[in-house]
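K.L.:
for reference, the sequence and a predicted model appear below.
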Amino acid sequence: MVWVKWCSLVKFNKNDFTFTTYTYDPENEKSLNSRANYVRYLVRSKSNPKELWTGTTSGINIFNLEDESFRYYVHNPLDTNSLSHQNVMHIYEDENNYFWISTYGGGLNRFDPKTETFIRFTEKNSDIPNNGVYGILPDATGNFWLSTNNGISKFNPNTLEFRNYTVDDGLQSEEFNGGSLYKVKWGDVFWRN
């Protein structure tokens, strides 16, 4: 199977050359919850390969490959342990099976699947340089490099410390584009502004 994300989730079956599109259905609580059918990011879970985690403009939609149903994590303004913002840009699962979620408007989140709770890292409660976080790239030493609307930030997930870089450190610009990040096999990371 080949999975495609762009506006909706599409499965291509290489055996019979057919496509299946998964979209929002108000009559089905297990359909994609994004009314705009906009899937921005897609990653297969390492800890549970039967799940595809998708970042949408309506939170996190987790697609079960066996029964082809969705479950969700969304922002709840009354719950500080919920996702910090609906607009999910990037998802990364670390070696401890925590999911790190970048959002456009709510900073960085760490999701613990055991407790089903989020810890938020925002301008209000941390040294993250901006709440618009486009992407997350891990390096060989365990740090995460975050592209934001105010430069690049190196984040240590063990100490929860941020080291921020701006044009004063040599960056060509403060702002980066969503989805424009790449790590090569020898470890260098690239972003596009």
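P.N.:
Nice, I can see it.
K.L.:
show me what the one helix or strand Y41 maps to is packed against.
P.N.:
Following DSSP states H and E, one finds Y41 within strand 39-44. For strand 39-44, the elements it packs on are strand 2-6, strand 8-13, strand 51-56, strand 88-93, judged by 3 or more Cβ pairs under 8 Å, 6 or more residues apart in numbering; DSSP states H and E. For the C-beta atoms, the positions are set from N, CA and C on the backbone; glycine is no exception.
K.L.:
make TSV out of the ones you listed and add distance to E161.
P.N.:
Output for the helices and strands packed on strand 39-44, formatted as TSV (distance: least, Cβ to Cβ, whole Å):
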stretch	distance to E161
strand 2-6	32
strand 8-13	36
strand 51-56	25
strand 88-93	18
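K.L.:
let's have those in CSV, adding distance to N81, mean neighbour count and mean pLDDT.
P.N.:
What follows is the helices and strands packed on strand 39-44, written out as CSV (distance: least, Cβ to Cβ, whole Å; neighbours: other Cβ atoms under 10 Å; pLDDT from 0 to 100):
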stretch, distance to N81, mean neighbour count, mean pLDDT
strand 2-6, 27, 13, 51
strand 8-13, 27, 16, 86
strand 51-56, 18, 24, 95
strand 88-93, 17, 22, 96
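K.L.:
so which of the ones you listed is nearest N143?
P.N.:
strand 88-93 (12.3 Å; Cβ to Cβ).
K.L.:
past that closest one, which element shows up next along the chain?
P.N.:
Next element after strand 88-93 (DSSP H and E): strand 99-103.
K.L.:
contacts for that following strand?
P.N.:
Here strand 99-103 makes contact (Cβ atoms under 8 Å, 6 or more residues apart in numbering) with 53, 55, 60, 83-94, 108-111, 113, 118, 131, 133-136, 144, 146, 157.
K.L.:
tell me the angle it makes with strand 88-93.
P.N.:
160 degrees (axes from the mean of the first three to the mean of the last three Cα atoms, to 10 degrees).
K.L.:
just the angle between strand 99-103 and strand 39-44, please?
P.N.:
170 degrees.
K.L.:
first-to-last residue distance for stretch 22-29?
P.N.:
13 Å (Cα to Cα, to the nearest Å).
K.L.:
how far away from the center of its chain is that stretch?
P.N.:
22 Å (Cα atoms, centre = their mean, to the nearest Å).
K.L.:
for that stretch, list every residue counted as buried.
P.N.:
22-24 (16 or more other Cβ atoms under 10 Å).
K.L.:
with stretch 77-84 instead?
P.N.:
82-84.
K.L.:
same question for stretch 107-124.
P.N.:
107-111, 118-122.
K.L.:
those in strands, which ones?
P.N.:
108-111, 118-121 (DSSP state E).
K.L.:
how about D168, phi and psi?
P.N.:
With angles defined as degrees, to the nearest 10, D168 sits at phi -70, psi -20.
K.L.:
count the residues that sit near the nearest residue to S82 once chain neighbours are set aside.
P.N.:
Nearest residue to S82 in three dimensions, chain neighbours excluded: N76, at 4.0 Å (Cβ to Cβ, 6 or more residues apart in numbering). Neighbours of N76 under the rule other Cβ atoms under 10 Å: 11.
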